[in-house]
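Peer 1: Have a look at this fold, sequence not included:
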């Protein structure tokens, strides 16, 4: 996740400072911009630091309302197009992958590393990410322009917008009824630096900045949220993350993002009931939270409640018809219910949205295989592997298909071997490669594979039976 190039090449394109702000004193609503002025300055800042003619992609902005995120993307896209200095990639099917990355990550920020990967996929030279935060006396708008080839931060822009601005007030009207945090000038500086470091994958440095923001303002729920996100998404520590989400929610009981992320952490800890309770709370606050429906569907699926899972994925798709993961997961739920035709239809929809969705190819391949259409199944597993050559499940599934064909044993052995190269602890790949070796008469290798499967999983009954038979054939 580290990105040293960004450290050296970061350029502040513009910084809008409050003239009378002092450390420890609430940030006064001075020197605020109109929405139009902030958008114009943001575009100018990027155009001044990105080579002319470069193809740029705008990632989905992080904002407390979907409509506001979409409005920001559309507004900036229109202004870049009107300026003619840079070439904006149209927000068509390919850019749904940008949005999917944002939604599936769910951390509230698209990292610079993710932006680089997305940009390479899209063929963009520069990816622009951004965030919008509303505070008691102003709103903050920030963007980052990341070079896809080098990972360098080419431009950064930050503006503070008057909450009374007519354009902003119209598009963010539902936020007016929600309590907004007051924030001091120096606490905001630390919060912003922490979010930038998070985007660059610098977890410890980000946490240190959030610590400083919290030391100044113990009521700053955003700092607890983002520190929790850093613990969870960057450091893989759900317990510390949950503790921070708890503190954010004690400060702001209507913080949908905190419920959302705490639910994710509970689900990762194997507690789907608590996760569902948190997703319910997030949805009571924001009934149009597509990702909350999606995640609640995942939790219901984990519990084996496939009908509720399907209902949630369907609701997520009503809100966001381009949510490829929701189509994929609904397809898997239908597959688990034995409705393979509906499953394949959903995988088809997911692949129309994202033709490079390796997971959907793999899942559709499994459905075709269950229908007995081994030719289409093999083609889907192969396509998944062209997209992601390190996709263990696709190697395993294609190997299993070759083995089941009854004559493609060498190909099956090759595929199981590839799966084990990536994941040496795949007990089933060891077992079935052992079966393939036994069929072609290589019993010593078969025994070695069965023994390996049992070292990984001592309770693997089939591997134990297969081992006994192979030893018996060798007279051991």
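Peer 2: In hand now; what should we look at? All of these numbers come straight from a predicted model, not from anything done at the bench. Numbers count the residues shown, from 1 in each chain.

Peer 1: care to break this structure down by domain?
Peer 2: Partitioning the chain according to automatic domain parsing yields domains covering residues 1-180, 389-474.

Peer 1: Okay, strands next: where are they in the stretch 101-250 of the chain?
Peer 2: Under the criterion DSSP state E, counting those that start in this stretch, the stretch 101-250 of the chain contains strands at 126-134, 139-147, 153-161.

Peer 1: Below-threshold pLDDT in the stretch 51-200 of the chain: ranges please.
Peer 2: Under the criterion of pLDDT under 70, the regions of the stretch 51-200 of the chain flagged as low confidence span 90-110.

Peer 1: switch to 80 and redo it
Peer 2: Along the stretch 51-200 of the chain, segments meeting pLDDT under 80 span 60, 66, 90-122, 179, 181.

Peer 1: Go ahead and confirm residue 65 touches residue 174.
Peer 2: Yes - applying Cβ atoms under 8 Å as the test, residue 65 and residue 174 come out as touching, 6.3 Å apart. All C-beta spots, glycine's among them, are computed from the backbone N, C-alpha and C.

Peer 1: Quick one: neighbours of residue 169, just the number.
Peer 2: A count of neighbours around residue 169, defined by other Cβ atoms under 10 Å, yields 14.

Peer 1: For it, give me its contacts.
Peer 2: Going by Cβ atoms under 8 Å, 6 or more residues apart in numbering, residue 169 touches 163, 176.

Peer 1: who's in contact with the closest residue to residue 248 other than its chain neighbours?
Peer 2: What sits nearest to residue 248 in space, not counting adjacent residues and going by Cβ to Cβ, 6 or more residues apart in numbering, is residue 224, at 3.9 Å. The neighbourhood of residue 224, defined by Cβ under 8 Å, 6+ apart, consists of 210, 214, 244-245, 247-248, 251, 258.

Peer 1: repeat that for 7 Å
Peer 2: Counting by Cβ atoms under 7 Å, 6 or more residues apart in numbering, residue 224 makes contact with 214, 244, 247-248.

Peer 1: Could you do residue 240 as well?
Peer 2: By Cβ under 7 Å, 6+ apart, the neighbours of residue 240 are residue 231.

Peer 1: same check, this time on residue 394
Peer 2: With contacts defined as Cβ under 7 Å, 6+ apart, the neighbours of residue 394 are 362, 381, 384-385.

Peer 1: Apply 8 Å and report the result again.
Peer 2: Taking Cβ under 8 Å, 6+ apart as the test, what residue 394 contacts is 358, 361-362, 365, 381, 384-385, 388.

Peer 1: Among those, which ones are in strands?
Peer 2: The members of those all map outside strands under DSSP state E.

Peer 1: okay, the residues you listed in a markdown table with distance to residue 398 next?
Peer 2: What follows is the contacts of residue 394, written out as a markdown table (distance: Cβ to Cβ, whole Å):
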| residue | distance to residue 398 |
| --- | --- |
| 358 | 13 |
| 361 | 11 |
| 362 | 9 |
| 365 | 8 |
| 381 | 4 |
| 384 | 9 |
| 385 | 7 |
| 388 | 13 |
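
Peer 1: Report the two of these separated the most.
Peer 2: Maximum pairwise distance among the contacts of residue 394 (Cβ to Cβ): 13.3 Å, between 365 and 388.

Peer 1: Pull out the buried positions in the longest helix anywhere in the chain.
Peer 2: Longest helix in the chain, counting residues (DSSP state H): helix 66-83. Under the neighbour-count criterion of 16 or more other Cβ atoms under 10 Å, helix 66-83 has 66, 68-73, 75-77, 79-80 buried.

Peer 1: and of those, the nearest to residue 323?
Peer 2: residue 66 (11.7 Å).

Peer 1: Skip the chain neighbours and tell me the closest residue to the closest one.
Peer 2: Leaving out its chain neighbours, the residue that sits closest to residue 66 by Cβ to Cβ, 6+ apart is residue 288, at 6.1 Å.

Peer 1: I'd like to know how far that neighbour sits from residue 225.
Peer 2: Applying Cβ to Cβ, to the nearest Å, one obtains 20 Å for the distance of residue 288 from residue 225.

Peer 1: Which one's more surrounded, the two?
Peer 2: Here residue 288 and residue 225 are set side by side on neighbour count (other Cβ under 10 Å), and the busier one is residue 225, at 27 against 15.

Peer 1: Next, the contact list for the more buried one, please.
Peer 2: Residues 108, 244-245, 248, 255, 257-258, 261 are the ones in contact with residue 225 under the rule Cβ under 8 Å, 6+ apart.

Peer 1: and with 7 Å instead?
Peer 2: The neighbourhood of residue 225, defined by Cβ under 7 Å, 6+ apart, consists of 245, 248, 255, 257-258.

Peer 1: Tabulate these (a markdown table), appending pLDDT and neighbour count.
Peer 2: Compiled in a markdown table, those are given as follows (pLDDT from 0 to 100; neighbours: other Cβ atoms under 10 Å):
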| residue | pLDDT | neighbour count |
| --- | --- | --- |
| 245 | 98 | 31 |
| 248 | 96 | 24 |
| 255 | 92 | 26 |
| 257 | 91 | 26 |
| 258 | 95 | 30 |
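
Peer 1: Let me have those in JSON lines, extended by distance to residue 348.
Peer 2: As requested, the contacts of residue 225 are exported to JSON lines (distance: Cβ to Cβ, whole Å):
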{"residue": "245", "distance to residue 348": "37"}
{"residue": "248", "distance to residue 348": "40"}
{"residue": "255", "distance to residue 348": "37"}
{"residue": "257", "distance to residue 348": "32"}
{"residue": "258", "distance to residue 348": "36"}
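
Peer 1: Quick check: buried residues in stretch 403-421?
Peer 2: Residues of stretch 403-421 classed as buried: 403, 408-409, 411-416, 418-420 (neighbour count, 16+ other Cβ under 10 Å).

Peer 1: ok, now stretch 38-49?
Peer 2: Per 16+ other Cβ under 10 Å, stretch 38-49 contains these buried residues: 38-39, 41-47, 49.

Peer 1: Equivalent analysis for stretch 323-342, please.
Peer 2: 323-335, 339-340, 342.

Peer 1: what is the mean pLDDT for stretch 412-427?
Peer 2: The average pLDDT within stretch 412-427 is 97.

Peer 1: try stretch 359-373
Peer 2: The predicted model assigns stretch 359-373 a mean pLDDT of 97.

Peer 1: Give me the number of neighbouring residues for residue 212.
Peer 2: Neighbour tally, residue 212, other Cβ under 10 Å: 17.

Peer 1: scratch that, residue 150 is what I was asking about
Peer 2: The number of residues packed near residue 150 is 13, by other Cβ under 10 Å.

Peer 1: So what does residue 339 look like in phi/psi?
Peer 2: Comment: the main-chain dihedrals of residue 339 come out as phi -90, psi 80, following degrees, to the nearest 10.

Peer 1: ok, back up a step: nearest to residue 442, of the buried residues of stretch 323-342?
Peer 2: Distance from residue 442 was checked for each of those by Cβ to Cβ. The minimum falls on residue 335, at 34.6 Å.

Peer 1: hmm, back to that, the residue nearest to residue 66 - that's part of a strand, no?
Peer 2: No - Residue 288: not assigned to a strand; according to DSSP: H, G, I helix; E, B strand; the rest coil it is coil.

Peer 1: distance of it from residue 121?
Peer 2: In terms of Cβ to Cβ, residue 288 sits 28 Å off from residue 121.

Peer 1: ditto for residue 43
Peer 2: Between residue 43 and residue 121 the computed distance is 24 Å (Cβ to Cβ).

Peer 1: thinking again about what came up before, which single one of the contacts of residue 225 is nearest to residue 132?
Peer 2: residue 257 (12.7 Å).
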